[in-house]
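Visitor: Task: produce atomic coordinates for the following.
(one chain, ligands or ions: 1)
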Amino acid sequence: MPNPIRIQFVCLGNICRSPLAKAVFRDKVKDAGLEEHFEIVSSGTSNYHIGDQADRRMRQTAERNGHSLEAHRASQFQAEDLESFDHIFVMDKSNLNDVLHLDENDEYGGKVRLFREFDPDPDDYQVPDPYHGGREGFENVYDIVNRTSDALLHRLVEEHGLAEHVE
Ligand code: 4NP
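Guide: The predicted structure follows:
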């Protein structure tokens, strides 16, 4: 496989929402037999949690739903990622502003989109930050990420002509 499609999911801390999106989307890609066609990572716009494991509550939520975040370590989004990734999916509008702020010459805006643009039931197009809330907030994030990842994979398979490779 020559050039995998490079995808980065972005939130604020890279310990809750984007690590979950990475794991869930990766597992769906794997289930579709498309692993070699994608490179999937995540990051945060802040430096708050660099090197940290995913939030314990999010690890538990992922585990309950059949996904593992155990290998995740938080990292920070870098301006160079705007050039080297094909698609950058951000969790909320604040992440969108922060990422676009790094695009000094306004070259890469077309690659940066709100993840929930693909959600069939998008509400306000943002994945709510669960960090300061309770367990329902984490389960709500899981439901959003799960259905949006299905729709997103479907769209990328079409956009990149991968339908014939789906198992
Ligand atoms: P995330 O959640 O952006 O989904 O990883 C957060 C994690 C940590 C903080 C904020 C949001 N924080 O302020 O430390």
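Visitor: Tell me which residues touch residue 54, please.
Guide: Contacts for residue 54 (C-beta atoms under 8 Å, 6 or more residues apart in numbering) come out as 15, 16, 19, 20, 62, 69, 72, 74. (Glycine included, C-beta is placed from N, CA and C.)
Visitor: Kindly indicate whether it is helix, strand or coil.
Guide: coil (DSSP: H, G, I helix; E, B strand; the rest coil).
Visitor: how close does it sit to the ligand?
Guide: Distance, residue 54 to the ligand, by C-beta to the nearest ligand atom, to the nearest Å: 8 Å.
Visitor: For the contacts of residue 54, which two are the farthest from each other?
Guide: 62 and 74 (14.8 Å; C-beta to C-beta).
Visitor: Any residues of the chain in contact with the ligand? List them.
Guide: 11, 12, 13, 14, 15, 16, 17, 44, 48, 129, 131 (C-beta under 6 Å from any ligand atom).
Visitor: run the last query once more with 8 Å
Guide: Taking C-beta under 8 Å from any ligand atom as the contact definition, the chain meets the ligand at 11-19, 44, 46, 48-49, 55, 58, 74, 91, 95, 127, 129-132, 141.
Visitor: Among those, the buried ones, what's the PyMOL command?
Guide: Typed into PyMOL, the line below selects the buried ones among those, using 16 or more other C-beta atoms under 10 Å:
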select buried, resi 11+12+13+14+15+16+17+18+19+44+46+49+55+58+74+91+95+127+129+130+131+141
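Visitor: Report the buried residues of the longest helix along the chain.
Guide: In the chain, taking DSSP state H as the definition, the longest helix is helix 135-159. Buried positions in helix 135-159, judged by neighbour count with 16+ other C-beta under 10 Å: 137-138, 141-142, 144-146, 148-153, 156-157.
Visitor: helices or strands up against that helix?
Guide: helix 17-31, helix 56-64 (3 or more C-beta pairs under 8 Å, 6 or more residues apart in numbering; DSSP states H and E).
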